[in-house]
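Student: Task: produce atomic coordinates for the following.
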Amino acid sequence: MADSSAPLQEGAEATVKRNPHPDFKAVEASRPPFDTSKHFNYTQTPKPDWKPGQGANDSSKLQETHREIDPFAPGRPLINNYKLLISGVIPRPIGFISTLSHDGTANLAPYSFFNVISHNPPLFILGVSGGYQQPKDTLANLIETKECVINMISEEFIEAANYTALNSPPGVSEWPLSGLTPAKSKLVKPDRVQEAIFSVEAKLVETREWESKVEPGRRTGVLAIIEGVKFWVREDAVNEEGSLIDPAVLKPISRLGGIAYGRVTESFELPRPDYDQETKDPNIAKLAKLEADGQ
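Tutor: Numbers count the residues shown, from 1 in each chain. The predicted structure is shown next:
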């Protein structure tokens, strides 16, 4: 099952041309090896001495111009919108979705049109290209059974997870092709991925179908809202309260543009400001008053 980021209508990778390299393996061989010695660490923020009202750290970039792009300009291929969005809205989390078909065939597929939108109840969104009439296996299974498992992808099994994006035909399970290990869930029938450090058993809340803006009647995508009903976190990754997952253990992988992925090896922390506390500073209070007065 291909990653839902690929438009179903343009379908084949040869048309989408996500891979910019004629010979990817040759290009990969010319690059330095994956740095397994790099450990997760915290750094300072880019500008620790930043003060309210200072704006961006590099004001010289304000001299750069922007290009205006109409997503539906005459002659603009719609696939260009897809490529622009997946290269501009980054990094994106990847929902590694496990489902079961009506006949019991297990499906496993990565989706980067995915995110969490609520904690009470725990809600997630999943965007799937194509409509109800030509659903991808994941969507067909989800609508039929109302169940799935969301698994988060880590460095240790990114190649296996990516291989499940294979455009295998209906009835063929990606599990044996990936070599990943199925583990029984408690509240839903689809298995979770044992290698995943964080997994969420989930149930379908609702779906909504979308129609093309330039080709009326053509169904181009479906939004699924999914509710998490059971969390699974590997013991060495979570604190005693079950409230914080250690990114150094999770080693999350994100989706970038084209065929690129990103890893997380550094982070910095920034406390959220409190208005009442911050405006005790007369300079900040002045800035707030200017905004309130519309100046």
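Student: can we go C-alpha only for contacts and neighbour counts from here?
Tutor: Will do.
Student: pLDDT below threshold where in this protein?
Tutor: Residues of the chain meeting the criterion pLDDT under 70: 1-15, 291-295.
Student: Beta-bridge partners for residue 126, please?
Tutor: Residues in a beta bridge with residue 126, per DSSP bridges, are residue 114, residue 224.
Student: so who does residue 271 touch?
Tutor: Applying C-alpha atoms under 8 Å, 6 or more residues apart in numbering to residue 271 gives no contacts.
Student: If you could redo that for residue 92, that was the one I meant.
Tutor: 112, 113, 114, 254, 255, 256.
Student: got it, and residue 268?
Tutor: 42, 43, 44, 45.
Student: how about a markdown table for the contacts of residue 92, with distance to residue 238 and neighbour count added?
Tutor: Listed next are the contacts of residue 92 as a markdown table, based on distance: C-alpha to C-alpha, whole Å; neighbours: other C-alpha atoms under 10 Å:
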| residue | distance to residue 238 | neighbour count |
| --- | --- | --- |
| 112 | 24 | 23 |
| 113 | 26 | 20 |
| 114 | 23 | 22 |
| 254 | 20 | 21 |
| 255 | 24 | 21 |
| 256 | 27 | 19 |
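Student: quick revisit: please produce TSV containing the contacts of residue 268, extended by neighbour count.
Tutor: Below are these laid out as TSV (neighbours: other C-alpha atoms under 10 Å):
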residue	neighbour count
42	10
43	9
44	10
45	12
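Student: Would you point out the most distant pair within these?
Tutor: 42 and 45 (9.2 Å; C-alpha to C-alpha).
Student: so what sits against both of those two?
Tutor: 268, 269.
Student: quick revisit: quick one: which of the contacts of residue 268 sit in strands?
Tutor: Among those, the members found in strands (DSSP state E) are residue 42.
Student: between the contacts of residue 268, which is nearest residue 70?
Tutor: Distance to residue 70, by C-alpha to C-alpha, is smallest for residue 45 among these, at 35.3 Å.
Student: And residue 229, how far from residue 114?
Tutor: In this view, residue 229 and residue 114 are 17 Å apart by C-alpha to C-alpha, to the nearest Å.
Student: where exactly do the helices run in the stretch 1-150 of the chain?
Tutor: 13-16, 24-29, 78-88, 137-145 (DSSP state H, counting those that start in this stretch).
Student: most tightly surrounded among the ones you listed?
Tutor: Most buried of these by mean neighbour count (mean count of other C-alpha atoms under 10 Å) is helix 137-145; its value is a mean of 21.
Student: Which other helices and strands does it contact?
Tutor: Applying 3 or more C-alpha pairs under 8 Å, 6 or more residues apart in numbering; DSSP states H and E, one finds that helix 137-145 contacts strand 95-100, strand 106-111.
Student: I'd assumed residue 108 was in contact with residue 137.
Tutor: No. Contact criterion C-alpha atoms under 8 Å: residue 137 and residue 108 do not qualify, at 9.2 Å.
Student: Any chance of the helices and strands packed on helix 137-145 in CSV with distance to residue 276 and mean neighbour count as columns?
Tutor: What follows is those, written out as CSV (distance: least, C-alpha to C-alpha, whole Å; neighbours: other C-alpha atoms under 10 Å):
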stretch, distance to residue 276, mean neighbour count
strand 95-100, 38, 26
strand 106-111, 41, 26
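Student: Can you tell me the centre-most residue of this structure?
Tutor: Closest residue to the average C-alpha location of the chain: residue 93 at 2.5 Å, with C-alpha atoms, centre = their mean.
Student: If we ignore the residues flanking it in sequence, what's nearest that residue?
Tutor: Spatially, and ignoring its direct neighbours in sequence, residue 93 is nearest to residue 254 (5.1 Å; C-alpha to C-alpha, 6 or more residues apart in numbering).
Student: what's in contact with the host helix or strand of the one you found?
Tutor: Here residue 254 sits within strand 253-255, counting by DSSP states H and E. Under the criterion C-alpha under 8 Å, 6+ apart, residues 90-94, 112, 153-155, 158, 261-264 lie in contact with strand 253-255.
Student: now stretch 113-122
Tutor: Contacts to stretch 113-122, defined as C-alpha under 8 Å, 6+ apart, come from residues 4-5, 92-95, 123-128, 227-229.
Student: Check stretch 220-229 too.
Tutor: So stretch 220-229 is contacted by 7-9, 121-132, 187, 200-212 (C-alpha under 8 Å, 6+ apart).
Student: In strands, which of these fall?
Tutor: Assigned to strands by DSSP E, the following of these qualify: 122-129, 200-211.
Student: Narrow those residues to those that are buried.
Tutor: With neighbours counted by 16 or more other C-alpha atoms under 10 Å, the ones in strands among the contacts of stretch 220-229 contain buried members at 123-129, 200-204, 207, 209-210.
Student: Alright, that wraps it up for me.
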